[in-house]
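Q: Quick one: sequence plus predicted model below, questions after.
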Amino acid sequence: MPISCPNFAVQILHLRSSSFTTTAREINCTPRDFRISPPIFRTILRPNSVNYSSRCNCSQTIFSAEAAHDYDDQLKFESERYSDELEVAVKAVHMASLLCQRVQESLIAKSDDHVQSKDDDSPVTIADWSVQATVSWVLSDAFGSANVSIVAEEDVQELSKTDSIGILNSVVKTVNQCLAEAPRFGLKSPPNPLSTSDVLEAISRCNSIGGPTGRFWVLDPVDGTLGFVRGDQYAIALALIEDGEPVLGVLGCPNYPMKTELLSYHQRVLSTLPSANWDKGCVIYARKGSGGAWMQPLLRKEEKKFVWPNSASEIKVSTIDNPALATFCEPVEKANSSHSFTAGLAHSVGVRNQPLRVYSMVKYAAIARGDAEIFMKFARAGYKEKIWDHAAGVVIIEEAGGVVTDAGGHHLCFSKGMYLEGLDRGIIASSGSTLHNKIIRAVDASWNSSSL
């Protein structure tokens, strides 16, 4: 609720923002009343507070502080916060995306010799381990290995088995080929090619279990591996979490076309089109509180150097709020999501378009880019959502203007380890609050009759 006295509100807007030594809730307003993003409120210092009287003698007061930082300094601090981390993360994901393109082309053209199955029978390829090693090495080199903690999907134990020696050798070769291109992205290459032990060490450094405090990275090296091995959509997802909250997210989508109108084609049809007609692949990223999300095309072979950030264009969610015109995304595989339940929900709120079934976190990219309006996922009983499957996408959609919550309308919790603990039924992402609220109401009305 906004401040009730307009005269008092005008006075507050003319004060230096650093004089606020209390939260927005304590002065009976929200950050949006001041057009200031929540992170600014969180970082304002709290020197001694004094009462402030309104010109119109109303009873409302705020707190001020003589020793507080200047508002302009505070804004500058917020605008630059995590900028170094974002730059390195975008470059690392860009390199990883090109790595995956090369591996996928080779895998489809030759054989599936470099595909294994994990204990849960899900596929893992040399791309998964190669990306994990590459991103781990780049982050550690940029910020110091002692300062980098990573939660990642792949376990080094699988790659260390004696029957994996062929794949391990391919991973080492792939990682070194990728890191040799680091100077194209303004990053350093290793002084010498990484050895097998170096690569295993880089992968094994991704052993954090997350938690409510401190800073850690979250990496899904190839989200949607099944789509990857089938020549379809997949994503490289990297996020930074601080004190349980995602503060930046990067999605590499190597097969996602830059042009929306080409989404109706299947990937294998697209791959036969002339490159001039289809700009293949992009990297999408956002920083919490910045109020914007951005997209860059993947670097082409003829382009010598990566430009940061001049080659990026801002993206926004769709403005469609009429369910009859909306498109919803859902996972391709039925193993961990109920298509019948989401279809019923979509129909109950008035969605008539066919669903866009996409592998991986490309669904989050589709919402953020305005290619679709709704993403729903309601897992079957016993399935637990992992933080690496959502962290990067949540930041990107929210900064692009969308909304992501669980089915109870609560923000997703990334502070309880590797899983999204306390999730209320399912996950809903949408392009705006109008659609979002309709879906939540539909879930409440339908849930008791579902078999989930």
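A: Yep, it's here.

Q: Show me where the protein dips below the pLDDT cut-off.
A: Low-confidence segments of the chain (pLDDT under 70): 1-79, 108-124, 162, 261-278, 333-339, 448-452.

Q: how about the helices in it?
A: Using DSSP state H, the helices of the chain run over 6-13, 38-43, 71-80, 83-109, 126-143, 156-160, 165-179, 196-204, 225-229, 267-270, 339-348, 362-369, 391-399, 433-446.

Q: so which of the ones you listed comes closest to R425?
A: helix 433-446 (6.6 Å; Cβ to Cβ). Where you see a C-beta, it was placed from the backbone N, CA and C, and this is true even at glycine.

Q: Can you name every helix or strand that that closest one contacts?
A: helix 339-348, strand 374-377, strand 403-406, strand 427-430 (3 or more Cβ pairs under 8 Å, 6 or more residues apart in numbering; DSSP states H and E).

Q: if we go to 7 Å?
A: Here helix 433-446 touches helix 339-348, strand 374-377, strand 427-430, going by 3 or more Cβ pairs under 7 Å, 6 or more residues apart in numbering; DSSP states H and E.

Q: Tell me which of those sits nearest to T213.
A: It's strand 427-430; of the helices and strands packed on helix 433-446, that one is closest to T213 (Cβ to Cβ) at 24.4 Å.

Q: Quickly run through the sheet partners of that closest one, with directions.
A: Each strand paired with strand 427-430, and its direction, by DSSP bridges: strand 374-377 (antiparallel), strand 403-406 (antiparallel).

Q: that older thread, could you dump the helices and strands packed on helix 433-446 into a markdown table with distance to R357 and mean neighbour count added?
A: Shown next, in a markdown table, are those (distance: least, Cβ to Cβ, whole Å; neighbours: other Cβ atoms under 10 Å):
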| stretch | distance to R357 | mean neighbour count |
| --- | --- | --- |
| helix 339-348 | 8 | 18 |
| strand 374-377 | 11 | 26 |
| strand 427-430 | 15 | 26 |
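
Q: closest to E314 out of those?
A: Nearest of the helices and strands packed on helix 433-446 to E314, taken as Cβ to Cβ: strand 427-430 at 19.1 Å.

Q: and that closest one, how far from the chain's centre?
A: 13 Å (Cα atoms, centre = their mean, to the nearest Å).

Q: rewinding a little: take the helices and strands packed on helix 433-446 and write them to JSON lines, including distance to F185.
A: Shown next, in JSON lines, are the helices and strands packed on helix 433-446 (distance: least, Cβ to Cβ, whole Å):
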{"stretch": "helix 339-348", "distance to F185": "39"}
{"stretch": "strand 374-377", "distance to F185": "30"}
{"stretch": "strand 427-430", "distance to F185": "30"}
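
Q: so how far is F185 from W137?
A: As judged by Cβ to Cβ, to the nearest Å, W137 and F185 stand 13 Å apart.

Q: Have a look at the two and say which one is more surrounded.
A: Neighbour count, other Cβ atoms under 10 Å: between W137 and F185, W137 has more, with 26 against 21.

Q: For that one, list the residues it contacts.
A: By Cβ atoms under 7 Å, 6 or more residues apart in numbering, W137 lies in contact with L179, A202.

Q: make it 8 Å
A: Going by Cβ atoms under 8 Å, 6 or more residues apart in numbering, W137 touches V175, L179, P190, L194, A202.

Q: now do A127
A: A127 neighbours (Cβ under 8 Å, 6+ apart): L99, C100, V103, Q104, L107, T174, P221, V222, F228.

Q: Can you tell me which of the residues you listed is closest to F414?
A: Closest to F414, out of all of the contacts of A127 and judged by Cβ to Cβ, is P221, at 18.4 Å.

Q: Verify the contact between that closest one and S97 for me.
A: No - contact criterion Cβ atoms under 8 Å: P221 and S97 do not qualify, at 11.1 Å.

Q: Looking at the two, which has the bigger crowd around it?
A: P221 (30 against 24).

Q: and the closest residue to S83 other than its chain neighbours, what are its bridge partners?
A: Excluding its sequence neighbours, the residue lying closest to S83 (Cβ to Cβ, 6 or more residues apart in numbering) is R287, at 7.5 Å. Listed by DSSP bridges, the beta-bridge partners for R287 are L248.

Q: how deep is R287 tucked in, by neighbour count?
A: R287: 26 surrounding residues under other Cβ under 10 Å.

Q: Could you do the one 10 residues further on as well?
A: Using other Cβ under 10 Å, the number of residues around P297 comes to 16.

Q: My guess is it contacts K259. True?
A: No - assessed by Cβ under 8 Å, P297 is found out of contact with K259, at 10.5 Å.

Q: who touches both of the two?
A: Contact criterion Cβ under 8 Å, 6+ apart; residues shared by P297 and K259: D279.

Q: any idea how far A180 is from S431?
A: Taking Cβ to Cβ as the measure, S431 falls 41 Å from A180.

Q: With respect to G402, which of the helices and strands packed on helix 433-446 lies nearest?
A: strand 427-430 (6.1 Å).

Q: Does W388 touch V135 like I think?
A: No - judged on Cβ under 8 Å, W388 makes no contact with V135 at a distance of 11.9 Å.

Q: who's in contact with S415?
A: Counting by Cβ under 8 Å, 6+ apart, S415 makes contact with G210, G211, P212, D243, G244, E245.

Q: cool, C413 as well?
A: With contact set as Cβ under 8 Å, 6+ apart, C413 has these partners: G244, L420, E421, G422, L423.

Q: what sits up against stretch 358-366?
A: Stretch 358-366 is touched from outside by 220, 223-224, 226-228, 232-235, 237, 251, 253, 256, 263, 282, 284, 329-333, 356, 371-372, 375, 389-390, 392-394, 396-397, 429, with contacts defined as Cβ under 8 Å, 6+ apart.

Q: Just give the nearest non-adjacent residue to E242, would you?
A: Of all residues beyond its chain neighbours, the one nearest E242 is R215 (4.8 Å), with distances taken as Cβ to Cβ, 6+ apart.
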